[in-house]
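K.L.:
kindly generate the corresponding structure for this input.
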Amino acid sequence: MTLAHPDDELTLVDLLDRLLAGGVMLTGDVTISLADVDLVHVSLRALISSVHTLMEEPDA
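P.N.:
As a prediction, this is how the structure comes out:
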């Protein structure tokens, strides 16, 4: 689904449908430090997709 014009609205349901159909990988890093000493480091990696998309077999 492609928007015909830049002024066309994309609803939240349409956006969620696109994200689940293709899948999204989110990554991020957060470091909390004090006086240049790293106290906490958190690494985040998340895959968001529908089960149907994950279970599809790749095209040969």
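
K.L.:
use CA for all of it now, contacts and neighbours both
P.N.:
Noted.

K.L.:
using the three-state scheme, assign the nearest residue to T53 once chain neighbours are set aside.
P.N.:
Once flanking residues are discounted, T53 sits nearest to A21: 6.0 Å by C-alpha to C-alpha, 6 or more residues apart in numbering. What DSSP: H, G, I helix; E, B strand; the rest coil gives for A21 is helix.

K.L.:
and for L10?
P.N.:
L10 is classified as coil under three-state DSSP.

K.L.:
roughly how far apart are it and L16?
P.N.:
10 Å (C-alpha to C-alpha, to the nearest Å).

K.L.:
just the element for L54, please.
P.N.:
helix 51-55 (DSSP states H and E).

K.L.:
quick one, helices of the chain?
P.N.:
Per DSSP state H, the chain carries helices over the ranges 12-22, 51-55.

K.L.:
okay, the ones you listed in a markdown table with mean neighbour count and distance to T31 next?
P.N.:
A markdown table is the format used below for these (neighbours: other C-alpha atoms under 10 Å; distance: least, C-alpha to C-alpha, whole Å):
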| stretch | mean neighbour count | distance to T31 |
| --- | --- | --- |
| helix 12-22 | 13 | 28 |
| helix 51-55 | 11 | 32 |
